[in-house]
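S.K.: build the 3D model from these lines:
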Amino acid sequence: ARMNNSSGKKSFQRSAAGNNIGETIQMDKLKWAVVGCGNSKPGKGGAHSIGYCHASAVSRNAKLVLAGVVDCSEQNLHDFMAEFPGVKGYADYKQMFAEVKPDIISICTWARDRETHAVDAIHSGAKAVLIEKPLALSVDSAKRILAEGQKCGVRLFVNHQRRYGLPFREFRKAVLETPS
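M.R.: Purely as a prediction, here's the structure:
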């Protein structure tokens, strides 16, 4: 591939036959997809579902584009796409993987479905998969997910962001300050 850095953006030339000469393809943004946007109504603490948190973080990063979202609820999809204009919504996550071809996938579904979604995301061609906690409901399930990621060369991440949230920091502080 021939690199062109004069514009400051990574690009390479590839012909229709795929031999890297011909049309220039810009590679300046990674495509991110979210599996499981969740309910749009405020929940615990007035916050949206975790899929909204992922999408919000992605939409604030200039190097990323929120390219697709899937949910089993038509209302959830409708509300999510209203809050994040331009993102394409799907009812079938395998169809989204095939059409969007995301570089990174967030798995924000119920824990009981996580292994299936994570393994399918790993096999989708994504470079990385971010999985909400817990990774799995059993050690064997977690081992299967990790083995698939390693076999396919996909980076896996488990999200544990809440430990840094104010309510959790305050709770930890109270526990640590409580006399034994």
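S.K.: would you tell me which helix is longest in this protein?
M.R.: Under DSSP state H, the helix in the chain containing the largest number of residues is helix 139-152.
S.K.: ok, residues contacting the following helix or strand past that helix?
M.R.: Past helix 139-152, further along toward the C-terminus, the next helix or strand under DSSP states H and E is strand 155-159. Outside of strand 155-159, the residues that reach it under the criterion Cβ atoms under 8 Å, 6 or more residues apart in numbering are 50, 118, 122, 127-135, 145-146, 149. Where you see a C-beta, it was placed from the backbone N, CA and C, and this is true even at glycine.
S.K.: could you rerun that using 10 Å?
M.R.: With Cβ atoms under 10 Å, 6 or more residues apart in numbering as the test, strand 155-159 has contacts from 50, 53-54, 104, 106-108, 118, 121-122, 126-136, 142, 145-146, 148-150.
S.K.: so which of those sit within helices?
M.R.: Those of the contacts of strand 155-159 mapping onto helices are Ile50, Cys53, His54, Ala118, Ala121, Ile122, Ala142, Ile145, Leu146, Glu148, Gly149, Gln150, per DSSP H.
S.K.: give me the buried subset of the residues you listed.
M.R.: The neighbour count (16 or more other Cβ atoms under 10 Å) marks Ile50, Cys53, His54, Ala118, Ala121, Ile122, Ala142, Ile145, Glu148, Gly149 as buried among the ones in helices among the contacts of strand 155-159.
S.K.: chain neighbours aside, what residue packs nearest to Leu77?
M.R.: With Cβ to Cβ, 6 or more residues apart in numbering as the criterion, Leu77 has its nearest non-adjacent residue at 4.1 Å, and that residue is Gly89.
S.K.: give me the neighbour count for the one you found.
M.R.: Under the neighbour criterion other Cβ atoms under 10 Å, Gly89 is assigned a count of 17.
S.K.: what separates the most centrally placed residue in the chain from Pro167, distance-wise?
M.R.: The structure's the chain has its C-alpha centroid closest to Ser106; by Cα atoms, centre = their mean the separation is 2.0 Å. Separation of Ser106 from Pro167 (Cβ to Cβ, to the nearest Å) stands at 22 Å.
S.K.: please apply the same query to Asp28.
M.R.: As defined by Cβ to Cβ, Asp28 lies at a distance of 37 Å from Pro167.
S.K.: do Ala128 as well
M.R.: According to Cβ to Cβ, Ala128 stands 29 Å off from Pro167.
S.K.: neighbour count winner among the two?
M.R.: Comparing Ala128 with Pro167 by other Cβ under 10 Å, the one with more neighbours is Ala128, at 18 against 10.
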